[in-house]
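Student: Please find the sequence and the predicted model below.
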Amino acid sequence: MRVYNGTSHDLKIYAKSDVFHDDAHKKYLLLDQEIEPYIIFPAQNPLSISFGCEFAFVDGIPIKERRVYNRDELPEGYDLYIVSALYARAFGGDPRIATVVDQVYDARGKNMIGCLALNITDITWFNGNR
């Protein structure tokens, strides 16, 4: 599978057996600082998006509507595109778009260092069309 990492950093995926869920802080922590991820997707050219806001009052309530003014197009030739959550929301549900899910933090719980999986909108479409 051809994967494009459109985020600004390497994406590291860890095995669930290498983490534990810290219920008190509601996050996954690495069992040992020396554990290496089993998949790394190197950062490529980041895909960015520009927003602007429209401001209005609706029945006296101030409302801001965020609108996309510019976005980088997906480069051709890939099966899966890993992007930021903001980019994914603005792209309109393309089934090739993936974001991270179940973020993994270092053993101290201070820094996010990776994730357990990727999240896509439609696995059925993806399996049948790649």
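Tutor: That came through fine. No experiment lies behind these values; they were computed from the predicted model shown. Numbering: from 1, shown residues only.
Student: switch to C-alpha atoms for all contacts and neighbour counts from now on
Tutor: Will do.
Student: what about Phe41, how many neighbours?
Tutor: Phe41 is flanked by 16 other residues according to other Cα atoms under 10 Å.
Student: shouldn't Glu54 be in contact with Arg66?
Tutor: Yes. Contact criterion Cα atoms under 8 Å: Glu54 and Arg66 qualify, at 6.4 Å.
Student: Those two: which is more packed in?
Tutor: Arg66 (12 against 9).
Student: residue contacts, the more buried one?
Tutor: Taking Cα atoms under 8 Å, 6 or more residues apart in numbering, we find Arg66 in contact with 51-54.
Student: Swap in 6 Å and give it another go.
Tutor: Arg66 makes contacts with 52-53, as judged by Cα atoms under 6 Å, 6 or more residues apart in numbering.
Student: quick one: it from Tyr4, how far?
Tutor: If you measure Arg66 against Tyr4 using Cα to Cα, to the nearest Å, the figure is 27 Å.
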